[in-house]
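> give me coordinates for this.
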Amino acid sequence: MFALQSKLPHVGTTIFTVVTQLARELGAINLAQGFPDFEPPALLKECLARAVEQSNNQYAPMTGVEVLREEIAAQLRALAIDLPSRDDITITLGATEGLFSSIMALAQASDEVIVFDPCYDSYGPAIELCGARAVHVPLVLPDFHIDWQRVRDSITPRTRMIIINSPHNPSGAVIDQNDVNTLAELVRETNIVVLSDEVYANMVFDGARHYSMQAHAELRERSISVFSFGKVLHATGWRIGYCVAPPRLTQELRRVHQFNTFSIANPLQVAIAEFVRAVPDHVAGLSAFYQSKRDYFLQALAGSRFEFVRTPGTYFQLLDYHAIAADDDLVFADRLLRQAGVAAIPLSPFYAQPPQHRLLRFCFAKTESTLQAAAAKLMTL
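Predicted coordinates:
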């Protein structure tokens, strides 16, 4: 038997895969993994069929199909992002590849990367693979805001990157203008770059707005922002994302991207470009669309023993179960799945050092019938 040394010895199967597989085996309602249980727009599927029929079936350019990058630039203006060039946009294999390629391109061995716990589970392994070290700064409960003094205290001469995620997965927290300005002040006299996970940028609620690193004149020069069409178009299986960055950072990103995935599915890109050009209001209406689903789900839970604060962004809602059980979140999530038939995601796997809260994450990107059925089961607890 030959010797084999793992590069990620502490990484197992993700909590999403584990819970979704068990939900499938038990026939449970899956509010765990973040995907809709409804179809993407019919016109989008028609656009894809047309793109295939029109022979867009060979390699796309490494940077992305030009017409799609033009449409992205137009769409970004709604987020107060006015790009000097569509060449600042790179199409990636979903947001995850964009994040991975960005980390691999910019973080080096012995560097430190600041992440905020609970943090999305793809960040840590990418940081580890390039030989850097993740520095975990916990978000402050109960609203998961950033403790900027703790961030300031965590910066060292080795700090190379800060990863921001807003709207935040798994909590739904949203940063504001003060947060962005404070971040700019912290990194001003440093060589720190900012990697901004903005996958849920078009899903902010109750009149709030999204603050992108690309809309901040000072931060834009040192930031890569990552977005996802899978979330926007209700088509997570399409795996089309994109990165937005100034030329110097885009060049470094593409050095890795071209040897990672190189070219992203051509007909999918063409189809998305046609769809967003034909239906510009689709993206603009996402916040209202998902806010209504959030409110429907929470109204269905009125009178339950769960406690909650309405999520300000994403399509995830945290529910506090401390009035129901004293179990830790992994145990209670398993119990919920097996006894009540509802799958949710525990938060502890997103922490380096999990706090003693009693929170589960539920996805409300579902039909009303699914949300109603799940809520009826949760009401029995």
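> going forward, measure contacts and count neighbours with C-alpha atoms only.
Will do.
> spatially central residue in the protein, please.
Residue closest to the average C-alpha location in the chain (Cα atoms, centre = their mean): Val199, at 4.5 Å.
> okay, now Gln21: neighbour count?
If you count neighbours by other Cα atoms under 10 Å, Gln21 ends up with 13.
> again with Ile29
Considering only other Cα under 10 Å, Ile29 is surrounded by 20 other residues.
> residues in a beta bridge with it, which ones?
In this entry, Ile29 is beta-bridged to Val342, by DSSP bridges.
> quick one: Phe38 and Leu318, what's the gap?
From Phe38 over to Leu318 the distance is 22 Å, taken as Cα to Cα, to the nearest Å.
> oh, I was asking about Ile155
Counting by Cα to Cα - Ile155 and Leu318 are separated by 30 Å.
> check Glu198 too.
19 Å.
> then Thr236?
Separation of Thr236 from Leu318 (Cα to Cα): 21 Å.
> domain-wise, how is this structure divided?
Per the record, the chain has its domains at 15-40+284-378, 58-280, by automatic domain parsing.
> let me see the mean pLDDT of the first one.
Predicted confidence along domain 15-40+284-378 averages 95 (mean pLDDT).
> any idea how far it is from the chain center?
How far domain 15-40+284-378 lies from its chain's middle: 16 Å, per Cα atoms, centre = their mean, to the nearest Å.
> straight-line length of that domain, end to end?
End to end - Cα to Cα - domain 15-40+284-378 spans 21 Å.
> I figured Ile192 hits Ile163, correct?
No - here Ile192 lies out of contact with Ile163, judged by Cα atoms under 8 Å, at a distance of 10.5 Å.
> coming back round to it: of all the domains of the chain, which lies closest to Met1?
Smallest distance to Met1 across the domains of the chain (Cα to Cα): 25.1 Å, for domain 58-280.
> quick one: end-to-end length of the closest one, please.
Start to finish, the residues bounding domain 58-280 are 27 Å apart (Cα to Cα).
> equivalent analysis for stretch 76-85, please.
The first-to-last residue distance of stretch 76-85 comes to 12 Å (Cα to Cα).
> ok, and what's touching that stretch?
Residues from elsewhere that reach stretch 76-85 (Cα atoms under 8 Å, 6 or more residues apart in numbering): 73, 210-212, 214-215, 284.
> which of these are buried, as a PyMOL select command?
Entered in PyMOL, the line below selects the buried ones among the contacts of stretch 76-85, by 16 or more other Cα atoms under 10 Å:
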select buried, resi 73+210+211+212+214+215
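> and Asp153, what element?
In the assignment (DSSP states H and E), Asp153 maps to helix 148-154.
> for that helix, packing partners?
strand 133-138 (3 or more Cα pairs under 8 Å, 6 or more residues apart in numbering; DSSP states H and E).
> the more surrounded of Phe38 and Leu318?
Neighbour comparison, Phe38 and Leu318: the larger count goes to Leu318, with 24 against 11 (by other Cα under 10 Å).
> distance of the closest residue to the more buried one other than its chain neighbours from Leu219?
Spatial nearest neighbour of Leu318, excluding adjacent residues (Cα to Cα, 6 or more residues apart in numbering): Arg361 at 4.6 Å. Separation of Arg361 from Leu219 (Cα to Cα): 31 Å.
> swap in Gln75?
Distance from Gln75 to Leu219, by Cα to Cα: 20 Å.
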